[in-house]
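Asker: predicted model and sequence below, questions to follow.
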Amino acid sequence: MAARFRGKVAVVTGGARGIGAAIAARLGREGARVVVFDIDGEAGEERVEMLRAEGVDALFVQGDVAREADVVRCVNAAVEAFGRLDVLVNNAGIGFSGRPIFEQMLEEWERVIAVNLTGPYLFAKHAAKVMAERGGGVIVNIASTRVLQSEPNTEPYSASKGGLLALTHALAVSLAPYRIRVVAVSPGW
């Protein structure tokens, strides 16, 4: 396989399972050194061990994307361990129980927005500073087709992913002068 990412360092949020784990594995197979960031410590450690078994230089950082101190700790760990940060994949996300809006609790709304929208904002904020100092990079936000084709009772999730697309557009124009590309991918089914 081509080593398109040889010499690059990538942070993948929500990288312990699912789409994030697949992204981390692919980046690693293509030569990147990978930092897996996840709230689940056990799953994160297991994922990094699997990556290392495949010959990937990998590091795990446990934390919550919605906590700025955890985000800063992750970005700093990437730079301390590998000397740089080239790629950020904002993959961490949570769904919602699917109850009608009149049964939804404000705390549930706030948590979905915190993880799915505030988390990518915080990671972009701190990763972009490092990328700008080193001449550029790439930020990939994992959005959702839910933005365009909602299902009933998914208001928090749909709103968070719609906001993520708007954030992606704003970041793309704001960070272009720093040679930082910002894109979104919207997986469907």
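Answerer: Yes, it's here. The structure displayed is predicted, hence computed values, not measured ones.
Asker: Thr43 reaches Ala16, doesn't it?
Answerer: Quick fix: residue 43 reads Ala, not Thr. Yes - with contact defined as Cβ atoms under 8 Å, Ala43 reaches Ala16; the gap is 3.8 Å. C-beta coordinates here come from the backbone N, C-alpha and C atoms, glycine included.
Asker: can you pull the buried residues of stretch 74-94?
Answerer: By neighbour count on 16 or more other Cβ atoms under 10 Å, the buried set for stretch 74-94 is 74-75, 77-79, 82, 84-94.
Asker: which one's more surrounded, Ala43 and Ala16?
Answerer: Neighbour count, other Cβ atoms under 10 Å: between Ala43 and Ala16, Ala16 has more, with 25 against 17.
Asker: hang on, that one packs against Gly44?
Answerer: Yes - contact criterion Cβ under 8 Å: Ala16 and Gly44 qualify, at 4.3 Å.
Asker: and for this structure, the residue most distant from the center?
Answerer: Phe102 (30.7 Å; Cα atoms, centre = their mean).
Asker: Phe60 in helix, strand or coil?
Answerer: In three-state terms, and counting by DSSP: H, G, I helix; E, B strand; the rest coil, Phe60 is strand.
Asker: ok, it - contacts?
Answerer: Applying Cβ atoms under 8 Å, 6 or more residues apart in numbering, we find Phe60 in contact with 35-38, 41, 44-45, 47-48.
Asker: looking at the residues you listed, state which has the most neighbours.
Answerer: Phe37 (34 neighbours).
Asker: any idea which helix or strand carries that one?
Answerer: Per DSSP states H and E, Phe37 falls inside strand 33-38.
Asker: who touches that strand?
Answerer: Residues external to strand 33-38 that are found in contact with it (Cβ under 8 Å, 6+ apart): 8-17, 20, 24, 27-28, 44, 47-48, 51, 56-63, 65, 74, 77-78, 81-82, 92.
Asker: which ones among those residues are found in helices?
Answerer: Counted as lying in helices by DSSP state H, out of the contacts of strand 33-38, are 20, 24, 27-28, 44, 47-48, 51, 74, 77-78, 81-82.
Asker: need those in CSV (columns: distance to Leu171 and pLDDT).
Answerer: What follows is the ones in helices among the contacts of strand 33-38, written out as CSV (distance: Cβ to Cβ, whole Å; pLDDT from 0 to 100):
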residue, distance to Leu171, pLDDT
Gly20, 20, 99
Ala24, 22, 99
Leu27, 20, 99
Gly28, 25, 98
Gly44, 26, 99
Arg47, 27, 99
Val48, 28, 99
Leu51, 28, 99
Cys74, 18, 99
Ala77, 22, 99
Ala78, 19, 99
Ala81, 25, 99
Phe82, 23, 99
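Asker: JSON lines for those, including distance to Gly135?
Answerer: What follows is the ones in helices among the contacts of strand 33-38, written out as JSON lines (distance: Cβ to Cβ, whole Å):
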{"residue": "Gly20", "distance to Gly135": "26"}
{"residue": "Ala24", "distance to Gly135": "24"}
{"residue": "Leu27", "distance to Gly135": "20"}
{"residue": "Gly28", "distance to Gly135": "23"}
{"residue": "Gly44", "distance to Gly135": "30"}
{"residue": "Arg47", "distance to Gly135": "30"}
{"residue": "Val48", "distance to Gly135": "28"}
{"residue": "Leu51", "distance to Gly135": "27"}
{"residue": "Cys74", "distance to Gly135": "21"}
{"residue": "Ala77", "distance to Gly135": "21"}
{"residue": "Ala78", "distance to Gly135": "16"}
{"residue": "Ala81", "distance to Gly135": "20"}
{"residue": "Phe82", "distance to Gly135": "16"}
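Asker: nothing else from me, thank you.
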